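A.B. asks: Next input, structure requested:
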Amino acid sequence: MKVVIIGGSGLIGKKLAAALQRAGHEVIAASPSSGVNTVTGEGLAKVLTGAEVVVDVTNSPSFEDEAVMNFFKSSTENLLAAELAAGVRHHVALSVVGSERVPESGYFRAKVVQESIIKGSKVPYTIVRATQFFEFLSSIAHVSTQGQTVRVSSAQLQPMAADDVAQALAKVATEAPLNETCEVAGPQSFRLDDLLRRTLQASHDPREVVQDDDALYFGTRLNDESLTPGASARIGMTSLESWLAQNAT
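C.D. replies: Purely as a prediction, here's the structure:
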């Protein structure tokens, strides 16, 4: 099949492109650097010509409430309109487990709006909601740092490797549209503070991780149900221990 990956130059996009190419598919990795801009619509009609599947793994360049909402709304509307005109048979979108359970977060509100636009479109779709990526744990620690202290919630998460996210997306992209949402998650559940503690210790980072259940995560407080997947989630293979070993510095 011809598969167009929107956001193809990013972390997930590159891994997804490699997975699909290994399976023998024609893959086009589209991004602003390749002349495709979903916010303005630039380049969409040309890149979607002949495409059977589109996988949207884009992310907003800004997490500020208004900016992130405008990004996901404009980008998704433009992309789906172009897909409809091009006769695309399957729209696959990467989203986040638990988005509707944390409405205080502007980022998660925007993801819910993105999903709503997809569900209201005439393009057959599958929304793949993933848990937090191991690769972004260092960024969470960074924004939660005050001096040499990292303050984060003790809420439960079930994080996963970006490689497993890409594999799940590749599988979904080559199957028939579900016209519904599925979830993917890692094989282990952790409390966020313990997760960051282990991650920092593995990289010999001297910062101290302190449990603070009032600490905000993308602008919202968390509880144990906020970002945990349901019982039917597809489970990735990569454990935290193996990911840390593979990414040891």
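
A.B. asks: Could you list the low-pLDDT ranges of the protein?
C.D. replies: 249 (pLDDT under 70).

A.B. asks: and if we set it to 90?
C.D. replies: Applying pLDDT under 90 to the chain flags the ranges 63, 218-219, 247-249.

A.B. asks: what ranges do the strands span in this structure?
C.D. replies: 2-6, 26-30, 53-56, 90-96, 125-130, 145-146, 149-152, 156-157, 181-185, 190-191, 208-211, 234-235 (DSSP state E).

A.B. asks: Could you look over those strands and pick the most buried one?
C.D. replies: strand 53-56 (a mean of 27; mean count of other C-beta atoms under 10 Å). (Each C-beta comes from the backbone N, C-alpha and C, glycine too.)

A.B. asks: what's that one packed up against?
C.D. replies: With contacts taken as 3 or more C-beta pairs under 8 Å, 6 or more residues apart in numbering; DSSP states H and E, strand 53-56 sits against strand 2-6, helix 65-86, strand 90-96, helix 162-173.

A.B. asks: of the ones you listed, which approaches Leu192 most closely?
C.D. replies: strand 90-96 (14.9 Å; C-beta to C-beta).

A.B. asks: to the chain's geometric centre, what's the distance from that closest one?
C.D. replies: 9 Å (C-alpha atoms, centre = their mean, to the nearest Å).

A.B. asks: And it, what does it pack against?
C.D. replies: So strand 90-96, by 3+ C-beta pairs under 8 Å, 6+ apart, packs with strand 53-56, helix 65-86, helix 106-120, strand 125-130, helix 162-173.

A.B. asks: and if we set it to 7 Å?
C.D. replies: Packing contacts for strand 90-96, counted by 3 or more C-beta pairs under 7 Å, 6 or more residues apart in numbering; DSSP states H and E, involve strand 53-56, helix 106-120, strand 125-130, helix 162-173.

A.B. asks: Output the strands of the chain as TSV; include the columns distance to Glu83.
C.D. replies: Formatted as TSV, the strands of the chain follow (distance: least, C-beta to C-beta, whole Å):
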stretch	distance to Glu83
strand 2-6	9
strand 26-30	12
strand 53-56	6
strand 90-96	6
strand 125-130	10
strand 145-146	41
strand 149-152	38
strand 156-157	33
strand 181-185	18
strand 190-191	37
strand 208-211	43
strand 234-235	25
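
A.B. asks: among these, which is nearest Asp65?
C.D. replies: Closest to Asp65 of the strands of the chain, according to C-beta to C-beta: strand 90-96, at 15.9 Å.

A.B. asks: partners of that closest one, with directions?
C.D. replies: Strand 90-96 has its sheet partners listed here by DSSP bridges as strand 53-56 (parallel), strand 125-130 (parallel).

A.B. asks: closest to Leu178 out of those?
C.D. replies: strand 125-130 (4.5 Å).

A.B. asks: Report the inter-axis angle for that closest one versus helix 106-120.
C.D. replies: Between strand 125-130 and helix 106-120, the angle comes out at 160 degrees (axes from the mean of the first three to the mean of the last three C-alpha atoms, to 10 degrees).

A.B. asks: Strand 125-130 to helix 162-173, inter-axis angle?
C.D. replies: 160 degrees.

A.B. asks: let's have the chain start at 52 instead
C.D. replies: Got it, first residue is 52 now, which makes that one strand 176-181.

A.B. asks: then strand 176-181 to CSV, C-alphas only?
C.D. replies: Written as CSV, here are the backbone C-alpha positions of strand 176-181 (Å, rounded to 0.1, in the frame of the first residue of the first chain):
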residue,chain,number,x,y,z
TYR,A,176,-10.6,5.8,10.8
THR,A,177,-8.9,4.2,13.7
ILE,A,178,-7.7,6.3,16.6
VAL,A,179,-4.8,4.7,18.5
ARG,A,180,-4.4,6.0,22.0
ALA,A,181,-1.0,5.4,23.6
